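In: sequence and computational prediction follow.
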Amino acid sequence: MYRTRHECEDSDEMSGYGWLRHDGVRFGRQELLDEGYLITTSFMKDPEDRDAFREYVHVCLTDASEEYFGFEYEGYYYVYSTLSFGWKASPFIYNTLSGAVAQFFRRLGIRNLFYLDDSIYLPRYIPLAGPLRSELTEWLGLGCWHGTQTWRSERHVTIAIETDSSGRRWGGRIIVGSLEYRAWNDWSASDQRLHINLLEIMAFYNVLLSFRQHLAGAQVDCYIDNRSAMYNLINGGGRSLEMTDVAKLIFLLQRADNVDIVYHWIASEFNTVADAISREESPLRLRPALFQQLDRAHGGFLIDLLSSGANRQQGFDGRDIPFFSRYACPGSTGVNVFAQPIPTTGVTFANPPFILIGPLLGYLRSQRSLTVTVVPQYDQGRVGQYWWPLILEAALSWTLLSAPFAPSPFERRGRSGGSFAALPPSPVAHWAVLLDFRFL
């Protein structure tokens, strides 16, 4: 079972026997024995070495076969007594024999795997838990699935999606025919520490969620300016487990909504819209403590008319306040307050940008709403803003949020993201005014 070695002290004397040099010339094993050149007890491995026996599984050669297997090296002639892997047919022979052994053990209920001359014996039960169990259950379930899937019509809707991510926000737009919709949201503090490649894939997934109502049965062309993210999406994942997990979520969404997605790389200079959305300055929000005071004083707001996922407020009782957003984002009740009916069964809240105060007040009046609106109060020279008389006409109550040059009642995320920071003091006062347009 072990390789034997034979010494040849005088190669000239043995040249007539025809030694094998891997070119088909035969060894004369018997002649070597007769002449005393074969040392039968000289082994490269000791036959009594039990560790060696356990380590290697050998295929023995018969005496008649040994004369075909050997080599000469520096005056020494070596004859194989076992089958070496150096021969062309050796892997096939070892794999065939190992397969027979494996089948024998499997019939006995012993689970094992083999490859060539290596094998592994597995315990009868392998505990599966967590993500591995979920993954196997997902795919093994296909064998017993008897459901149906709708065949996508050849006259499907074609949708284009562009996405991008910065260190503090994701953004994107969707183009359906002649219509265009946009989506955005700030990353959480924990998300901002993630690699930009992962954020790019998460941005695409968030855009899909934001426009999911448009995607059923659609053909989607997705344009991404990050090659790593694109290749991970095409391949269904990659080396990064986090990116693979997001790719799985996208696959599940595709399957649930019968969506076909084709990925395209787009140079950054041509991805200007999504890039600009992801880098816009964050909107202001009222400091949470002040917001909760107003929420308690007015019995709980029905909805925040101008907010976003990142600026979402909580009520005095800890509930998340529903909101309308400028762009689509997960969690938004509706996009663009001017396209939404304003609830009239309770009090709503609005913290509009200065440029939108006039248009918003006109829309609230047309909707006959009851709304707490945050407005600045300018000095005598500027109190005549065109919307100010409308406030005086509809005001039921006033709550001072900040006096001139007092600490600002507003806060905003920095350009690099992270936590909210208070704004510097303002030279004007700010009020929260309860405006009742129900009977005007």
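Out: Now that the structure is in, tell me what you want to look at. Since we're looking at a predicted model, the values are computed, not measured. Numbers count the residues shown, from 1 in each chain.
In: hmm, residue 374 and residue 434 touching each other?
Out: No. The criterion here is CB atoms under 8 Å, and residue 434 misses it with residue 374 at 11.2 Å. Where you see a C-beta, it was placed from the backbone N, CA and C, and this is true even at glycine.
In: give me the more crowded residue out of these two.
Out: Legend: neighbour count by other CB atoms under 10 Å for residue 434 and residue 374, higher for residue 374 (23 against 18).
In: for the more buried one, which non-adjacent residue is closest in space?
Out: Excluding the flanking residues, the one nearest residue 374 by CB to CB, 6 or more residues apart in numbering is residue 351, at 4.4 Å.
In: contact partners for the one you found?
Out: Going by CB atoms under 8 Å, 6 or more residues apart in numbering, residue 351 touches 284, 285, 286, 304, 306, 307, 373, 374.
In: next one: residue 358
Out: Counting by CB under 8 Å, 6+ apart, residue 358 touches 385, 386, 387.
In: helices of this structure, start to end?
Out: Secondary structure of the chain (DSSP state H): helices located at 11-14, 29-35, 50-55, 63-66, 90-107, 130-140, 196-210, 227-235, 241-257, 272-279, 288-297, 357-367, 388-394.
In: looking at those, which is buried most?
Out: helix 196-210 (a mean of 23; mean count of other CB atoms under 10 Å).
In: could you name the helices and strands sitting against that helix?
Out: When contacts are defined as 3 or more CB pairs under 8 Å, 6 or more residues apart in numbering; DSSP states H and E, helix 196-210 packs onto strand 158-165, strand 169-176, strand 179-186, strand 219-224, helix 227-235, helix 241-257.
In: so which of those gets nearest residue 74?
Out: helix 227-235 (52.0 Å; CB to CB).
In: quick one: the residue nearest to residue 374 from residue 306, how far?
Out: In this view, residue 351 and residue 306 are 6 Å apart by CB to CB, to the nearest Å.
In: cool, residue 412 as well?
Out: Look at residue 412 and residue 306: by CB to CB, they are 14 Å apart.
In: same deal with residue 185?
Out: Taken as CB to CB, the span from residue 185 to residue 306 is 15 Å.
In: which ones are touching the closest residue in space to residue 411 that isn't next to it in sequence?
Out: Leaving aside its sequence neighbours, residue 411 sits nearest to residue 420 (CB to CB, 6+ apart; 4.2 Å). Going by CB under 8 Å, 6+ apart, residue 420 touches 285, 411, 412, 413.
In: run through the residues that contact residue 219.
Out: Residues in contact with residue 219 (CB under 8 Å, 6+ apart) are 152, 156, 157, 158, 159, 260, 262.
In: test my guess that residue 82 contacts residue 61.
Out: Yes. Contact criterion CB under 8 Å: residue 82 and residue 61 qualify, at 6.2 Å.
In: give me the neighbour count for residue 300.
Out: When counting by other CB under 10 Å, one arrives at 14 neighbours for residue 300.
In: ugh, wrong one, I meant residue 70
Out: Counted with other CB under 10 Å, residue 70 comes out at 24.
In: bridging residues for it?
Out: Using DSSP bridges, the bridge partners assigned to residue 70 are residue 79.
In: please tell me how far it sits from residue 78.
Out: Distance of residue 70 to residue 78, given as CB to CB: 5 Å.
In: coming back round to it: how about the helices and strands packed on helix 196-210 in CSV, adding mean pLDDT?
Out: Shown next, in CSV, are those (pLDDT from 0 to 100):
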stretch, mean pLDDT
strand 158-165, 88
strand 169-176, 89
strand 179-186, 86
strand 219-224, 89
helix 227-235, 89
helix 241-257, 89
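In: which one of those lies nearest to residue 108?
Out: Residue 108 lies closest to helix 241-257 among the helices and strands packed on helix 196-210, at 37.5 Å (CB to CB).
In: residue contacts, the residue nearest to residue 293 when sequence neighbours are not counted?
Out: Nearest residue to residue 293, sequence neighbours excluded (CB to CB, 6+ apart): residue 316, at 7.6 Å. Contacts for residue 316 (CB under 8 Å, 6+ apart) come out as 292, 293, 295, 296, 300.
In: the second one and residue 430, how far apart?
Out: Taking CB to CB as the measure, residue 293 falls 14 Å from residue 430.
In: need the contact list for the closest residue to residue 212 other than its chain neighbours.
Out: The shortest distance from residue 212 to any non-neighbouring residue, by CB to CB, 6+ apart, is to residue 257 (6.7 Å). Contact analysis of residue 257 by CB under 8 Å, 6+ apart lists 212, 215, 216, 217.
In: and the buried ones among these, selectable in PyMOL?
Out: PyMOL command restricting the contacts of residue 257 to the buried ones, with burial defined by 16 or more other CB atoms under 10 Å:
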select buried, resi 215
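In: before we move on, the earlier item: quick one: which of residue 412 and residue 306 has more around it?
Out: Neighbours were counted for residue 412 and for residue 306 using other CB under 10 Å; residue 306 has more, 23 against 16.
In: was I right about the more buried one contacting residue 348?
Out: No. Residue 306 is beyond contact range of residue 348, at 10.3 Å (criterion: CB under 8 Å).
In: so which of the contacts of residue 358 wins on neighbours?
Out: Of all the contacts of residue 358, residue 385 has the most neighbours under the rule other CB under 10 Å, reaching 16 neighbours.
In: distance of that one relative to residue 265?
Out: Distance from residue 385 to residue 265, by CB to CB: 49 Å.
In: how is this structure partitioned into domains?
Out: Per the record, the chain has its domains at 16-144, 156-265, 277-436, by the TED database.
In: turn the ones you listed into JSON lines, columns for distance to residue 271.
Out: Below are these laid out as JSON lines (distance: least, CB to CB, whole Å):
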{"stretch": "domain 16-144", "distance to residue 271": "33"}
{"stretch": "domain 156-265", "distance to residue 271": "5"}
{"stretch": "domain 277-436", "distance to residue 271": "10"}
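In: among those domains, show the one with the smallest mean pLDDT.
Out: Lowest mean pLDDT of those: domain 16-144, a mean of 69.
In: residues near residue 69, how many?
Out: By other CB under 10 Å, 20 other residues sit near residue 69.
In: for it, give me its contacts.
Out: Listed by CB under 8 Å, 6+ apart, the contact set of residue 69 reads 20, 61, 79, 80, 83, 84, 87.
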